[in-house]
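S.K.: Give me coordinates for this.
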Amino acid sequence: AWLAFLLTFALVTPAFGTPDEPAHVDAAFRLALGLGWPHGGEMHYLAAVRQIVEHPAPAVDRPTVDALLAAVPGDSPAIDPMSQNPPTYWLVAAGILRVIRFGSHDWATSVLVLRVFDVLLVTALPVLVWATVRRVTRSPRTALVAPVLLFAVPQLAQVTSGVTVWAPVVLLGAVLVWLSARVLTGDRSWWTTAGLAVAVTGLAALNALGLLAIPFVVLVSALAPGRTWGLRALHAGVVVLAAVAVSGWWWVRTLLVSGTLLPDALRAVTTVQPYPAGGANPGAFAGRQWDGLTASFFGALGANQWPLPSMVIDTLAVVGLAVIGWSYARRAPGRRVTTILLVWPTVVLVATLAYNWRNYLGTHQGNGLQGRFLFVAVVALVLAQAVAWHALVVRPELRRRLARLAVVGSLAIGTYGIGLTYRGGWENTQFRITPGGISAMAGGAVAGPFAILLVAIVFAAAAVSTVVLVWRTSADPTSGPLESPPTHEPTVRKENS
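M.R.: Numbers count the residues shown, from 1 in each chain. Predicted coordinates:
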């Protein structure tokens, strides 16, 4: 169901209709054309890319990329901010474009191929949620329901199904949390440490948020049970050295060139708005951060212009936070591990707020539309919900009802998110499905109408199957594996003599 959900977003969302997708596509095109990677704030959009972003053409009128570049050569005045990041993701994307000979196809083919690539990267996300929740809660049924909570965050699906660096960042962040959970529950394998080294190194080579993963892994290693302090330091040192060896040079270079690890590539072209009466207002800033971060986490679809109803967003946010806080009044298996893992989204949130406060002081703007930054820790957030509800709801009958409600509600929110994207992109935001809207989508989307119809049908069938599976599993006390803790050593069965 998750794969079909992602593909539906990838095909229904208009081209360049996700946050920063024009900049990501432009950066991939530039590297595919061999145009280099300037310092942050010095890379301009290709004029051809700005042309198709500002004047999208229907499928029948789209020229090949080569023809487009010949007709609209050179750079535009607009700044592409992606060069403030390491070029890792866009080098991979450029390699894919070269493999498919993107110059001989229309630009929409390139966008579609890169979207499908990103979809494939995050297809494993529900499996990583399941493995993490199973490991920490020791409850197979809780682990079965937990991945469905991802559907209640349609913004996650839309962002990662577009052309974006966040797809690999979310994947590696999920791997980071899963492997950290294994370490904190007694896994002493060097293979796990090697996996953590790959995840942290990959994150640091993609985005500045990856730098935050380094101290987090050091903390996890320091609190790992069953290890001496010497082994803890050795395992942590391997992870840190791997990340420094691979991507340390980039961040040292960035610090020397710009004076900061995270330069604002758009600072020079951002208009400074005057403060309201009274100057900087921390209270107003905090209010805008709450509204912006919650909306852009759960569902400010499109390029943040088609939000879910504010009542839905606030309810999900308030109930989610309240349940986690309330659950600490009760003892629960995995509480210590969950608390440590929640350090990861907390650090990301604090860094995001600090980044926004810096921009607020510099430009007097602070819209807080960086909720997607928390997607790097979405597995830890889902785990916290699973542990909290598992602790608060004890009676078997109530747990069955809660599981069914969570699955139906999450899939309903996800389906509504797809509908909201369709309405915003093709029906002028009106709550309707008309022949004109369908015709506009068929002619303007990055894929044809039959592909869109096929993935929509597959998603609907998979969603119904998921509901039926959870419904039956929760109703049958004998179904599913026993509520037994995971083991770290292989089971040895005694032969009957």
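S.K.: so how far is Glu21 from Pro38?
M.R.: According to C-beta to C-beta, to the nearest Å, Pro38 stands 20 Å off from Glu21. Bear in mind the C-beta positions are built from the backbone N, C-alpha and C, glycine included.
S.K.: if you count what's nearby, which of these two comes out ahead?
M.R.: Glu21 (22 against 13; other C-beta atoms under 10 Å).
S.K.: show me the contacts for that one.
M.R.: Applying C-beta atoms under 8 Å, 6 or more residues apart in numbering, we find Glu21 in contact with 15, 111, 162-164, 303.
S.K.: before we move on, what about Val239?
M.R.: Val239 neighbours (C-beta under 8 Å, 6+ apart): 193, 196-197, 200, 214, 217-218, 221.
S.K.: out of those residues, which are buried?
M.R.: The neighbour count (16 or more other C-beta atoms under 10 Å) marks 193, 196-197, 200, 214, 217-218, 221 as buried among the contacts of Val239.
S.K.: From those, which land in strands?
M.R.: Per DSSP state E, strands hold no members of those.
S.K.: Closest one of these to Pro147?
M.R.: Nearest to Pro147 out of those is Leu196 (C-beta to C-beta; 21.9 Å).
S.K.: Counting neighbours, what do you get for the nearest residue to Leu219 once chain neighbours are set aside?
M.R.: In space, and not counting its chain neighbours, Leu219 is closest to Val343: 6.3 Å by C-beta to C-beta, 6 or more residues apart in numbering. Close neighbours of Val343, defined as other C-beta under 10 Å, add up to 17.
S.K.: same check, this time on the one 5 residues further on
M.R.: Neighbourhood size, Val348 [other C-beta under 10 Å]: 22.
S.K.: Pull the contacting residues for it.
M.R.: Val348 makes contacts with 209, 212, 373-374, 376-377, as judged by C-beta under 8 Å, 6+ apart.
S.K.: Dihedrals phi and psi, the residue nearest to Phe9 when sequence neighbours are not counted?
M.R.: Among residues not flanking Phe9 along the chain, Ser161 sits closest, at 4.3 Å (C-beta to C-beta, 6+ apart). Torsion angles at Ser161 (phi, psi; degrees, to the nearest 10) stand at phi -100, psi 0.
S.K.: isn't Ser161 right next to Leu120, touching?
M.R.: No. Between Ser161 and Leu120 there is no contact under C-beta atoms under 8 Å: 10.2 Å.
S.K.: Those two: which has the busier surroundings?
M.R.: Each of Ser161 and Leu120 has its neighbours counted (other C-beta under 10 Å); Ser161 has more, 24 against 14.
S.K.: what sits against that one?
M.R.: With contacts defined as C-beta under 8 Å, 6+ apart, Ser161 is in contact with 6-7, 9-10, 13, 18, 115, 118-119, 122.
S.K.: okay, those in a markdown table with secondary structure, neighbour count and distance to Val407 next?
M.R.: Converted to a markdown table, those look like this (DSSP: H, G, I helix; E, B strand; the rest coil; neighbours: other C-beta atoms under 10 Å; distance: C-beta to C-beta, whole Å):
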| residue | secondary structure | neighbour count | distance to Val407 |
| --- | --- | --- | --- |
| Leu6 | helix | 27 | 18 |
| Leu7 | helix | 25 | 20 |
| Phe9 | helix | 29 | 19 |
| Ala10 | helix | 27 | 23 |
| Thr13 | coil | 26 | 25 |
| Thr18 | coil | 29 | 26 |
| Arg115 | helix | 28 | 27 |
| Asp118 | helix | 27 | 26 |
| Val119 | helix | 22 | 22 |
| Val122 | coil | 26 | 20 |
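S.K.: Can you tell me which of the residues you listed is nearest Trp130?
M.R.: For the contacts of Ser161, the nearest to Trp130 is Val122 (14.5 Å; C-beta to C-beta).
S.K.: Tell me the spacing between the residue nearest to the closest one when sequence neighbours are not counted and Asn207.
M.R.: Leaving aside its sequence neighbours, Val122 sits nearest to Thr160 (C-beta to C-beta, 6+ apart; 4.5 Å). For Thr160, the distance to Asn207 equals 14 Å [C-beta to C-beta].
S.K.: Same question for Trp2.
M.R.: Taking C-beta to C-beta, one finds Trp2 at 23 Å from Asn207.
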